[in-house]
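Asker: below are the sequence and a predicted model; questions follow.
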Amino acid sequence: MNVMTKTKAEEGASHIYEPIPCEIVSKRDLTPLEKLFRIEMPDGRELGQRPGQFVQVSILGYGEAPISISSSPTKRGYFELGVRNAGTLTGELHKLNVGDKIGIRGPFGTYFDVEKLAGKDLVLIAGGCGLAPMRSLIQYCQDRPSEFGKLTILYGAKTPEDRLYKEDLIEWNESSVFACSYAVDGVPAGGCFNEGQVGLITVLIPPLELDVKNTVAVIVGPPIMYRFVIAELKKKGLAEDQIVVSLERYMKCGVGKCGHCAIEHLYCCLDGPVFWLNQVSSLKGAI
Amino acid sequence: MKRAKTEELKTFFESLSDKYDLRVPVKLHDGTRVLGSLSEGEFAIEGGKIPQKPTSVFFPQFDEMFVVTDGDVAMAKPPAKPIMVVGMTAEDLDCLEFIDKFFAENFRDNIYYNKRDGSVVVGVSGRCGKDGEFMKIAGGKCDIELISDGECFIVHPYTDKGEGLVEKLQADECGCGGVHMEALRKESDALPKEDEETVDKASELIRQGKVTDEFWDEIATRCIACTSCNLACPTCTCFEVYDRERDGKMVRQRIWDSCQLDGFMREASGHNPSGKQLQRTRRRIHHKLAADVERWGHRTCMLCGRCDEVCPTEIGIKSVCREIVKRFS
Amino acid sequence: MTNSISCVEQTGCILLIGSNTTEQHPLIGTRIINAVKKGMKLIVADNRKIRLAEIADMHIRLENGTNVAFLNGLMHVIIKEGLADDEYVKTRTENYDELKAIVEEYTPERTAEICKITPEEVVNAARMYSAPEAAMIVYCMGITQHSHGVDNVKSCANLAMLTGNVGKAGTGVNPLRGQNNVQGACDMGALPNVYTGYQKVVDEASRAVFEKAWGVENLPGNVGLTVTTAINAACDGQLKALFVLGENPMMSDPDQHHVKTGLENLDFLVVQDIFPTPTTALADVVLPAACYAEKDGTFTSTERRVQRVRKACDPPGKARQDWEIVGDIAKRMGYDGLTYNSPEEIMDEITRVTPIYGGMQYDRIDQVGLQWPCPDREHPGTPFLHKGTFKRGLGLFGPASYMPPMELPDEEYPFLLATGRCYFHFHTGTMTRRTRLLDREERFPYVEINLDDAKRLGIYDRFPVMVSTRRGEVKALARVSDVVVPGHLFMTFHFEEAAANALTNNALDPVAKIPEYKVCAAQVRRAS
């Protein structure tokens, strides 16, 4: 029941709820809880996403869930999803293997607007799972560094083991494109962490040397993180129109109909997930 | 314009049942009025609004999105017969106008428009409300409006489709040359506007940020999360999606959801932006009276009163608005 | 209920004890909320911080299992302060002296000590309950599901009679029935000791009525087994066959391991239900039945109101009406007398053999139901019982002394575990866990634990914990809050994957044989 073979939709009649069967071409562990799936569209098509967008992933019989796209559109021929095993659908997804098909709708939502960010110094701040969507922008920057100014990556996770994309973290750190600072909340007994600091992600912000006028910070992370990171950035002199956030909400449709992701008058799926902070900072329950 | 007796209307609708999936007001055995086919109960065009939300004919409580048989996905198709819904009040038609817009905006919702496209909407108004009350005349927003003068219904088509249908109606012309209609319109215009004024005032107060969390908390302690308000509201469109197996096939379907439930916004991680009753109660009212004003340019409570009627603890939207106006203006 | 639901609107005070009304009887709960808004006094006597506690005039968090002491304490104050209805006591009741003697010992101080509350709470509650012209006691499983459940109920009745609060509008002793038709099932004699309308099987005259009506001889005059004792008898090998209709004892009866042993020990188990359950899994034969929306007939509500229910759709597949199934089985066993053409025909028989249902013909309950007793076609039904006189003549005070629950926390099992239900699931979850939105609301088994205890044990909200008792162990998510007091745990029995009844104690009330679901000793620790 969980493998889609073909769809019977009539030619040309696009249906907003119709999942397109796409193949899992590779699968690997990121952490004990998270896996990275590489997906290909049928007939060599491109998904056509922009950094920061998401897709609705279906496994027939188990439902559908929104998943951030982890790869940049500059990577051609495939897209990647970094998925935590957190619920029914993601649990089933983890059980699937290379060659299996999943349903995809999208890409949906707003994106990190690389045209507006062009020429700016970027501080890319990710916490925990927030690195999954952030990676699409990091990869974009890595592939087209000349479009931007100084590029800084800050990443925090609970423990060294919990960090996503560990190989990428090393690669970015070693690359001349990025200045990287990493932190972990704590190190379990017997473990060690040589690649950064032990402490909350906010400890990485005060030491930054920013050209305040020409800097934009981008934040993606767990709900609890935003308030504290934003406060640190404001102390550095960044204004709300220099901060981009990507928010996560429970979603069912991805197209602004099901109502679950409403933040006051905005829909996280249509008007987000990527917002300028000044769009949402006054809305109750947004941050 | 034609002027038809109730019996003539019934015959008219009966004659259309071959071509249309008819949803007319009928009275069930226990006295409840619902939208159904003429075989389900006595034709009951009089008596005011239908207690159930009439927009459910296009956005039903359960709706199939697609069916999968042996890996083949078959998306939901338009119904074999177009729907004809009879008995929407002026307020209901306002609601329908909004949800038409809602389901069309950005991404056009195929599931909704499968049913809505090609449908016929018949409004009802005039002296045929509950206990003979006068019901506001819509003056449009439907294909045909049936306007009661207390004895008969003036049959007013507003669209080409409506006109085509009314041609087939066996009834006399109203020989008054429009005088009749003019009088009814005046009566409609003279209807009291208290509810409208109260809700508009409350909307303004909420938008000005004058309504406190203490107030929402107080209302929230009276909410038992029965979700009736959402289920009865013609402009509530939130839905949950889930897959289920039926007769060996996998069906993805949507079902009305309620923002009054704790699980409505709860994420897999446990994080819940509306995890408190206060937040949910505020959202129910704030959304219609403030958030939607921001998004759509108008409030999306059309004053039908259904939530007030179904709420067991008297915290429907009009009741709460009255409290807001009393407390904060 | 001795009284009607509408009495909530006619009373000056409700003593709500052992009922989470807004969650389990939400429509009655809403009436209470509305009544409080209009000035009615509300005393919530419940260990848990339930929704109604937030709007109550008093919330008394008495220790589970100390209801008798609490109620005796109230009566002590009422007598001592001259707040009793002396005239009522004199003219309508008997055995007052014994009551007085027993409650004499329950001073506010002693009561407070047993119940772990303050003496002021006892005094104030007694004054608040006895002050208005009419006061109600509303209770539910928090009163009955104890090894001394009958004593609890009697004590409620004593308190009501002492203050003259039986036999008039806005008063009474009002148990809220836990299922839509449990009242009807009892009324119809689905009990081991009575025929319909509580006509006793040991009474020869009642047997004669049914022998005549059913055309049989020698109906047995001995009392049968209760649900809980039947399981014990099955374990002992004395019970050979069991026919279960619409129940799921594997989930709902105490000590799941014990139930499983009993059911597996049977020669023959038949289960009739609407969905597969852990009980049907053990059955030799499963009979698919129609659900509530697929049948015609009546349900009798908590206020004794017999109401028509009408079929909305046909049952699926081979599912059939309960009465058809039972009738056909009887036929194959050689008796034709249970063959009917319609539920109405059955109701006609009920009205003929059941005095309290004598006037309940279908044409009379077509739109609005009637409350029994309704002995004949002219009778308007009975909104409240015991008007003018009790059924037995004088109201009998049946005083009880406080007895501790059968199993109390100790060093090894230091927590007091109570079980119950939540708002979104019904009973063993057979229906509600198959309902998408209800299941979404409560998808995982959980155990409520107090903030202080959680902190001490390193338990965090939503983290998995193991809950164990002398009977078994289950895994659930911790729900850390101040809903339960320190030292207490609360679990629901809706979840098959963490059956609370794998933990509960099969200690029964000696009279009613109801199990002690509300108190057993447990321990909790982080799951690894």
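Answerer: All right, it came through fine.
Asker: now do the helix or strand hosting residue B:204: which elements does it pack against?
Answerer: According to DSSP states H and E, residue B:204 maps onto helix B:194-207. Under the contact definition 3 or more Cβ pairs under 8 Å, 6 or more residues apart in numbering or on different chains; DSSP states H and E, helix B:194-207 sits against helix B:317-328. Backbone N, C-alpha and C define where each C-beta goes, glycine included.
Asker: and with 10 Å instead?
Answerer: helix B:277-286, helix B:292-296, helix B:317-328 (3 or more Cβ pairs under 10 Å, 6 or more residues apart in numbering or on different chains; DSSP states H and E).
Asker: any idea which of the ones you listed is most buried?
Answerer: Comparing the helices and strands packed on helix B:194-207 by mean neighbour count (mean count of other Cβ atoms under 10 Å in any protein chain shown), helix B:277-286 comes out on top with a mean of 22.
Asker: now that one against helix B:194-207, angle please.
Answerer: Between helix B:277-286 and helix B:194-207, the angle comes out at 130 degrees (axes from the mean of the first three to the mean of the last three Cα atoms, to 10 degrees).
Asker: as CSV, could you dump the C-alpha coordinates of helix B:277-286?
Answerer: Listed next in CSV are the C-alpha coordinates belonging to helix B:277-286 (Å, rounded to 0.1, in the frame of the first residue of the first chain):
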residue,chain,number,x,y,z
GLN,B,277,-7.5,27.3,25.9
LEU,B,278,-7.1,31.1,26.0
GLN,B,279,-5.1,31.1,22.8
ARG,B,280,-7.7,28.9,21.1
THR,B,281,-10.7,30.9,22.3
ARG,B,282,-9.0,34.1,21.2
ARG,B,283,-8.2,32.7,17.8
ARG,B,284,-11.7,31.6,17.1
ILE,B,285,-12.9,35.2,17.4
HIS,B,286,-9.8,37.1,16.5
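Asker: average pLDDT for it?
Answerer: Computed over helix B:277-286, the mean pLDDT rounds to 95.
Asker: now do stretch C:44-57
Answerer: 95.
Asker: okay, it in CSV with CA atoms only?
Answerer: Extracted in CSV, the C-alpha atoms of stretch C:44-57 (Å, rounded to 0.1, in the frame of the first residue of the first chain):
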residue,chain,number,x,y,z
VAL,C,44,-15.8,20.6,43.9
ALA,C,45,-14.6,17.7,46.1
ASP,C,46,-12.0,16.1,43.9
ASN,C,47,-8.4,15.4,44.2
ARG,C,48,-7.6,16.5,40.6
LYS,C,49,-7.7,20.1,39.5
ILE,C,50,-10.5,19.5,37.0
ARG,C,51,-12.0,22.2,34.8
LEU,C,52,-14.9,22.9,37.1
ALA,C,53,-12.4,23.4,40.0
GLU,C,54,-11.3,26.6,38.3
ILE,C,55,-14.8,28.2,38.6
ALA,C,56,-15.8,26.6,41.9
ASP,C,57,-16.4,28.5,45.1
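Asker: now find how far off-centre it is within its chain.
Answerer: On the basis of Cα atoms, centre = their mean, to the nearest Å, stretch C:44-57 sits 19 Å off its chain's mean C-alpha point.
Asker: got the buried residues for it?
Answerer: For stretch C:44-57, burial by neighbour count (16 or more other Cβ atoms under 10 Å in any protein chain shown) applies to C:44-53, C:55-56.
Asker: that one and chain B, are they touching?
Answerer: Yes: applying Cβ under 10 Å from any Cβ of the partner chain, one finds that stretch C:44-57 is in contact with chain B at C:51-52, C:54-55.
Asker: quick revisit: what's the most distant pair in the buried residues of stretch C:44-57?
Answerer: Within the buried residues of stretch C:44-57, C:47 and C:55 form the most distant pair, 17.6 Å apart (Cβ to Cβ).
Asker: hmm, back to that, inside helices: which ones of the buried residues of stretch C:44-57?
Answerer: The members of the buried residues of stretch C:44-57 that map onto helices under DSSP state H are C:51-53, C:55.
Asker: quick revisit: can you point out the buried residues in the helix holding residue B:204?
Answerer: Buried residues in helix B:194-207, defined by neighbour count with 16+ other Cβ under 10 Å: B:195, B:198-207.
Asker: redo the residues you listed as a markdown table? Include distance to residue C:476.
Answerer: Formatted as a markdown table, the buried residues of helix B:194-207 follow (distance: Cβ to Cβ, whole Å):
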| residue | distance to residue C:476 |
| --- | --- |
| B:195 | 48 |
| B:198 | 47 |
| B:199 | 45 |
| B:200 | 49 |
| B:201 | 48 |
| B:202 | 43 |
| B:203 | 44 |
| B:204 | 48 |
| B:205 | 44 |
| B:206 | 40 |
| B:207 | 44 |
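Asker: closest to residue C:410 out of those?
Answerer: Nearest to residue C:410 out of these is residue B:206 (Cβ to Cβ; 55.1 Å).
Asker: residue contacts, that closest one?
Answerer: Going by Cβ atoms under 10 Å, 6 or more residues apart in numbering or on different chains, residue B:206 touches B:216, B:282, B:285-286, B:288-291, B:293, B:299, B:321, B:324, B:328.
Asker: residue C:470 too?
Answerer: C:255, C:407, C:412-413, C:503, C:505, C:520-522.
Asker: give me the buried subset of the residues you listed.
Answerer: Neighbour-count burial within the contacts of residue C:470 applies to C:255, C:407, C:413, C:503, C:505, C:520-522; the criterion is 16+ other Cβ under 10 Å.
Asker: show me what residue of the stretch 51-200 of chain C gets nearest to chain B.
Answerer: Nearest to chain B, among the residues of the stretch 51-200 of chain C, is residue C:54, at 5.6 Å (Cβ to the nearest Cβ).
Asker: distance of that residue relative to residue B:94?
Answerer: 37 Å (Cβ to Cβ, to the nearest Å).
Asker: alright, I will stop here.
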